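Q: What follows is a predicted protein model with its sequence.
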Amino acid sequence: DDDGRAVPAGGVFFFERVDPHFSATLGGFVRAEIRSAPSTRRAPFAHPALGVAFALVAVEAVSAKASPSQPPDYACGWALCPRSEAGYYHHLRVSPPATVFETPGTADLGRVRVTRHGPWRALWLDGVEQGLAYDASFREDFSQKNVFRHDPNALGFEYVRAMATAAVASAGAAISEGGFFGDDDSKKKRRLRTLCVGLGAGSLPAFLANAFVRSAGVRFHVEAVEIDRAVAAAARDCLGVAYTKRDDDDDDDDSDSDADTDADADDASRKPRVRSFALRLDDAARYVGRLAASDAGPNTDETETAGSGEDRDRDPSEKKEKEKEKEKEKGKKFALVLLDAYDGKGEIPAHLRRRAFLRDARRLLAPGGAVVANCFYGPPGSRAHFDLLAFCEALGGEVEDACAVRVRLVKVEGQESNVVVVAEATERKGTRRAGAFGGRAAVRDALAAAAARMPAEARAALCDGDRLEVSGELTGVRDTREADGEAPAVAAPRR
């Protein structure tokens, strides 16, 4: 860049050094490939003018018209972007690991564990990584105090960056169209109510809660729902995530929840304030179903029917409180519903992949809203491809009392084993809308509309809009597994 630093550009690094006797810019775009063997390998060397650099050396014949490919840059990408996934893998290699938290889970999803790798902490359910958190106070010389201060702008895994980018793009489209704010400009109408199904390490809800500057006039009002109390405790106590626990009898007020992630009062004046999000400890299927039922009328779901006898046994004061809660939930809509819940086997829990749950999630969408889901993407003909097809069909089908949606697949170049599924409402207030995912140009424009209201650190955490591939086609043979209304399992990204 203008200061003589190395900056990332696509899949390779460009170096530019301004000197009276030497001035050059090197390189072109070379895509990163993880689905099949790349056509080049990296060979580090010491350049007489540029210093430490690397060359891409062909490992097979590459024709003049072919596009060369390279392996993902986990080996040296951390030097340019230490808060990226590459930075995490770097510290997996060089930083002594330590387990800082471990306890049995409370929801039969797996044993909850937190490991430390330099500035990174990883949350695990059994043997599956559920998310990452980065210490904002980390120093390479380990001179910082022994307090983990969560950095909301360090998203870690690339699929989390892709989900965050999709959410911000959806917000940008809403801003361009007049937003989900209604006709008045009250504080309540300027918020983008967002539901995150699955807390994990808390990186996604924490990022969205702080994505816009306070003077932007719009913000994500984030509520996460998590079934496992041990996961919630690990996120708060070991990962430094700032959330406010919400119980069924808590008011859903409209106030900003601002919290300092470091309790040291001596440093309070030097630390940026962090906006927290709300966390509800509940089964996501039950909570989403309850919200959808409160908006649609009487519910005939088996879980509600089973509880009717229990309701009859409640004393009058408990019944009154329950009725009050249902009244508060009536008509509750979300601009975004984000689905990223996996268990210790690397699969979405069965009750969260049923068609009934996906339909209820659709019913919660506000006009112009979107459902964003993290899924595993397999090549055509594979089991994973069939599963993804069934998931998209279940999510995008016609749903009574819900707005129509178009389903798009958002992929990040170099991360082709993951895909973000976006079901975006096609109408708002009776008017056909283009939305944010009509193609790369639409994504780029939507991101630009949102970026103008974001701090630089948050913008830098997102994926480059030019590197996002948006597709509406999914080819393959239809999977017919429909037992008990259950869509096939969608596997988690393996690492």
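A: Noted; the coordinates are in hand. Numbers count the residues shown, from 1 in each chain.
Q: C-alpha only now, for contacts and for neighbours.
A: Will do.
Q: Residue 109 against residue 341, yeah?
A: No. Assessed by C-alpha atoms under 8 Å, residue 109 is found out of contact with residue 341, at 10.4 Å.
Q: So those two - more neighbours on which side?
A: residue 341 (23 against 19; other C-alpha atoms under 10 Å).
Q: Starting from residue 164, give me the distance back to that one.
A: 15 Å (C-alpha to C-alpha, to the nearest Å).
Q: and if you look at residue 42?
A: 30 Å.
Q: now do residue 282
A: Counting by C-alpha to C-alpha, the gap from residue 282 to residue 164 is 23 Å.
Q: more neighbours, these two?
A: residue 164 (24 against 18).
Q: and the more buried one, what does it touch?
A: Contact analysis of residue 164 by C-alpha atoms under 8 Å, 6 or more residues apart in numbering lists 204, 207-208, 462.
Q: Using the three-state scheme, assign the nearest residue to residue 359 once chain neighbours are set aside.
A: Spatial nearest neighbour of residue 359, excluding adjacent residues (C-alpha to C-alpha, 6 or more residues apart in numbering): residue 399 at 6.3 Å. Three-state call for residue 399 (DSSP: H, G, I helix; E, B strand; the rest coil): coil.
Q: Residue 448 now?
A: Going by three-state DSSP: residue 448 is helix.
Q: From residue 199, how far out is the nearest residue to it once chain neighbours are set aside?
A: What sits nearest to residue 448 in space, not counting adjacent residues and going by C-alpha to C-alpha, 6+ apart, is residue 172, at 7.2 Å. Distance of residue 172 to residue 199, given as C-alpha to C-alpha: 24 Å.
Q: go on, residue 103?
A: Distance of residue 103 to residue 199, given as C-alpha to C-alpha: 17 Å.
Q: Show me which of the two is the more surrounded one.
A: residue 199 (27 against 13).
Q: which one is the more buried one nearest to, not counting chain neighbours?
A: residue 226 (5.5 Å).
Q: So in the chain, where's the weakest helix or strand by average pLDDT?
A: helix 302-306 (a mean of 35; mean pLDDT, DSSP states H and E).
Q: Longest helix in the chain, please.
A: Using DSSP state H to define each element, the chain has its longest helix at helix 158-176.
Q: For residue 230, what is the enclosing helix or strand?
A: helix 229-237 (DSSP states H and E).
Q: Show me what that helix is packed up against.
A: strand 112-117 (3 or more C-alpha pairs under 8 Å, 6 or more residues apart in numbering; DSSP states H and E).
Q: And the helices in the stretch 301-450 of the chain?
A: 302-306, 308-313, 316-329, 355-363, 383-396, 440-451 (DSSP state H, counting those that start in this stretch).
Q: ok, residues contacting the strand or helix carrying residue 55?
A: Residue 55 belongs to strand 51-58 when elements are defined using DSSP H and E. Residues outside strand 51-58 that contact it (C-alpha under 8 Å, 6+ apart) are 39-47, 70.
Q: partners of it, with directions?
A: strand 40-47 (antiparallel) (DSSP bridges).
Q: Sort out which residues of the partner strand are buried, please.
A: By neighbour count with 16 or more other C-alpha atoms under 10 Å, strand 40-47 contains the buried residues 40-42.
Q: Using CSV, lay out those residues together with distance to residue 273 and pLDDT.
A: CSV is the format used below for those (distance: C-alpha to C-alpha, whole Å; pLDDT from 0 to 100):
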residue, distance to residue 273, pLDDT
40, 45, 83
41, 44, 80
42, 41, 75
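Q: so residue 200 sits right up against residue 231, yeah?
A: Yes. Using C-alpha under 8 Å, residue 200 makes contact with residue 231 at a distance of 6.8 Å.
Q: Comparing these two, which residue is more hemmed in?
A: Using other C-alpha under 10 Å, the more surrounded residue of residue 200 and residue 231 is residue 231, with 29 against 26.
Q: from what I can see the more buried one touches residue 104, true?
A: No. Residue 231 lies out of contact with residue 104 (C-alpha under 8 Å); the separation is 9.8 Å.
Q: Can you get me a residue count around residue 344?
A: What residue 344 shows, counting by other C-alpha under 10 Å, is a neighbour count of 21.
Q: which other residues reach stretch 173-180?
A: With C-alpha under 8 Å, 6+ apart, stretch 173-180 has contacts from 171, 189-192, 335, 366-368, 435-436, 446-447, 449-450.
Q: how far does stretch 408-426 stretch from start to finish?
A: 12 Å.
Q: I'd like the average pLDDT over that stretch.
A: For stretch 408-426, mean pLDDT is 82.
Q: what about the residue nearest to residue 359, how many neighbours?
A: 16.
Q: now it: how far from residue 433?
A: Residue 399 is 19 Å from residue 433, where distance means C-alpha to C-alpha.
Q: And residue 388, by the same measure?
A: For residue 388 relative to residue 433 (C-alpha to C-alpha), the value is 26 Å.
Q: Looking at this structure, which strand is longest?
A: Assignment by DSSP state E gives strand 365-376 as the longest strand of the chain.
Q: before we move on, back to that, OK, contacts around the residue nearest to residue 448?
A: 436, 445-451.
Q: Pretty sure residue 435 sits against residue 171.
A: No. Here residue 435 does not reach residue 171: they are 9.8 Å apart, not a contact under C-alpha under 8 Å.
Q: which neighbours does the helix or strand that the strand holding residue 55 is followed by have in its sheet, and in what orientation?
A: Per DSSP H and E, the first helix or strand lying C-terminal to strand 51-58 is strand 69-70. Sheet pairing of strand 69-70 (DSSP bridges) gives strand 31-32 (parallel).
Q: tell me the mean pLDDT over the strand it pairs with?
A: Mean predicted confidence for strand 31-32 is 64.
Q: End to end on stretch 91-105, go ahead and measure it.
A: 27 Å.
Q: is it true that residue 194 lies in a helix?
A: No. Applying three-state DSSP, one finds residue 194 to be strand, outside a helix.
Q: so what's it bridging to?
A: residue 222, residue 336.
Q: neighbours around it, how many?
A: 26.
Q: Likewise for residue 176?
A: The burial count for residue 176: 16, using other C-alpha under 10 Å.
Q: Next, work out how far apart it and residue 121 are.
A: 37 Å.
Q: Likewise for residue 241?
A: 12 Å.
Q: do the same with residue 62
A: Taken as C-alpha to C-alpha, the span from residue 62 to residue 121 is 40 Å.
Q: swap in residue 383?
A: Taking C-alpha to C-alpha, one finds residue 383 at 32 Å from residue 121.
Q: where does the stretch 201-350 of the chain have low pLDDT?
A: 247-272, 295-331 (pLDDT under 70).
Q: do that again at 80, thanks
A: For the stretch 201-350 of the chain, the stretches with pLDDT under 80 are 247-273, 295-332.
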